[in-house]
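>>> sharing a model that was predicted from the sequence below.
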Amino acid sequence: MRRAAAAGTAGVALILIALLFDAAPLFVPGVALVVLAMAAPVWIHLAASAAHIERRLDSERVVEDEPIEATIEVSRGPWGLPGAAVIDPLAGKPVPIYAPLSLISGGRTASVRIVACFPRRGIRHIEAPTLTVSDALELARVVRPSPSPAQEVLVLPRTGRVKWVPGAGEKWRRATGAVAIEPLGATEVDGLRPYRQGTPASRIHWPALARGAGLLERRLRADTDSRPLVVVDARGSGPPEHLDAAVRAAASLVLELGGRVGCGLLLPGEHRPLEVEPDLAAWPVAHARLALVEGGPEARAPSLAQGARHAQVVYVAATSMARLPVGLVGAGVRAAVLVMPKPLCTQPLHEATFEVAGCVGFVVGAGRRPRERAA
């Protein structure tokens, strides 16, 4: 409103000068400035009060660094919108709207499409958008907030492919004494099913192919006690990037192992794991719970309930560790894979079993250091 007041003051000054010096030509611009200074704020207030702004999100969930789209609908009243701009946290800067809502030639509604992404997981609170209305000379400006409440978006940790190193299965079998073909998960044959692209040749049922039944593969069933258990330890005082890397690695491992033989997921402070079957029906729940993991020195350590037994554990830690925690040794764990962010690894990388999402996994025996097991 300062510009409107300045314009009105200038108009009054011109009128006074015209009266004092008998300068009739100054009356017209003086009166025009006074009328403009009085009419512009009234018009802008009426236009802003009749306008409406609303935002729609395409989804309430999005994976890290993946785009999410929002559509902002702006509608005007009978007074039009001489000049407007949408201010939204997702856009980062004002988005102007001019001709589409003009009183003379514009329509009654306009849409603004915004594409944004979030680099880190967690819940993001997005405040409601606002509409800034002003005249062409910007003599008056009114901010019209959206009546809709703030929205929330759950940012899920991104997943990556698990890169198994050569000999990973042999390292695991040596540590656990298992006879499984796969690097993780003791399995047994549970019938046949049509061949899927990428299935190892060791699982192809060659007798069926010889009989002319087509290409079939052995369907494997994992025992409950021998299914891999992915444990997340969020304790640590390092930078948040270490915890984010550990959570991404855990999500990638759950998706990989759960889709192959099924697995469990044990989160900090919990005692019973969430079971993810090969059909991945529980994967959306596990993915969302991983997005909400909070770490720090005061974070609670994961621990299994009494009576729970898991022979194979994948322990994902956000801090440097050298052995499996004592609390899991008594749960029937014969061996484990310690997974840590690569900057925290003190073991030689050639001893690694796999790499995933910036983390490295090392096979260790229960309660023993990697070097002690190798020795």
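Thanks, I have it.
>>> show me what the host helix or strand of residue 154 is packed up against.
Element membership for residue 154 (DSSP states H and E) is strand 151-156. For strand 151-156, the elements it packs on are strand 52-57, strand 61-63, strand 122-126, helix 283-291, judged by 3 or more Cβ pairs under 8 Å, 6 or more residues apart in numbering; DSSP states H and E. Yep, even glycine has a C-beta here, placed from its N, CA and C like the rest.
>>> now it: mean pLDDT?
Mean pLDDT, strand 151-156: 93.
>>> and for stretch 261-271?
84.
>>> tell me how far it lies from the chain's centre.
In terms of Cα atoms, centre = their mean, to the nearest Å, the centre of stretch 261-271 is set 20 Å apart from its chain centre.
>>> and stretch 11-29, by the same measure?
Worked out by Cα atoms, centre = their mean, stretch 11-29 lies 64 Å from the chain centre.
>>> now do stretch 282-289: distance to the chain's middle.
For stretch 282-289, the distance to the chain centre is 13 Å (Cα atoms, centre = their mean).
>>> got the buried residues for the longest helix seen in the chain?
Using DSSP state H to define each element, the chain has its longest helix at helix 27-50. Neighbour-count burial for helix 27-50, counted by 16 or more other Cβ atoms under 10 Å, picks out 30, 33-34, 36-37, 40-41, 43-44, 46-48, 50.
>>> got it, and stretch 292-303?
293, 295, 299, 302, 303.
>>> could you find the lowest-pLDDT member of the residues you listed?
residue 303 (73).
>>> isn't that one right up against residue 272?
No - in this structure, residue 303 is not within contact of residue 272 by Cβ atoms under 8 Å, at 10.3 Å.
>>> what residues are up against the residue most central in space within the chain?
Residue closest to the average C-alpha location in the chain (Cα atoms, centre = their mean): residue 155, at 2.2 Å. Going by Cβ atoms under 8 Å, 6 or more residues apart in numbering, residue 155 touches 61, 62, 63, 64, 118, 120, 121, 122, 123, 124, 291.
>>> for residue 126, see how far away it is.
11 Å (Cβ to Cβ, to the nearest Å).
>>> same check on residue 166?
Distance from residue 166 to residue 126, by Cβ to Cβ: 46 Å.
>>> the more surrounded of those two?
residue 126 (17 against 6; other Cβ atoms under 10 Å).
>>> got the contact list for the closest residue to the more buried one other than its chain neighbours?
What sits nearest to residue 126 in space, not counting adjacent residues and going by Cβ to Cβ, 6 or more residues apart in numbering, is residue 151, at 4.9 Å. Residue 151 makes contacts with 55, 57, 60, 125, 126, 128, as judged by Cβ under 8 Å, 6+ apart.
>>> now for these: which two are most distant?
60 and 128 (15.4 Å; Cβ to Cβ).
>>> who's more crowded, those two?
Applying other Cβ under 10 Å to residue 60 and residue 128 shows that residue 128 carries more neighbours, namely 16 against 10.
>>> where's the more buried one, which helix or strand?
Short version, using DSSP H and E: residue 128 is in no helix or strand.
>>> ok, the nearest residue to residue 29 once chain neighbours are set aside - contacts?
Spatially, and ignoring its direct neighbours in sequence, residue 29 is nearest to residue 14 (5.8 Å; Cβ to Cβ, 6+ apart). Residues in contact with residue 14 (Cβ under 8 Å, 6+ apart) are 26, 27, 29, 30, 33.
>>> just give me the closest of those residues to residue 236.
residue 33 (66.0 Å).
>>> thinking again about what came up before, who are the packing partners of the longest helix of the chain?
helix 2-21, strand 130-134, strand 141-145.
>>> let me have these in a markdown table, adding distance to residue 337 and mean pLDDT as columns.
Shown next, in a markdown table, are the helices and strands packed on helix 27-50 (distance: least, Cβ to Cβ, whole Å; pLDDT from 0 to 100):
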| stretch | distance to residue 337 | mean pLDDT |
| --- | --- | --- |
| helix 2-21 | 66 | 82 |
| strand 130-134 | 50 | 87 |
| strand 141-145 | 52 | 86 |
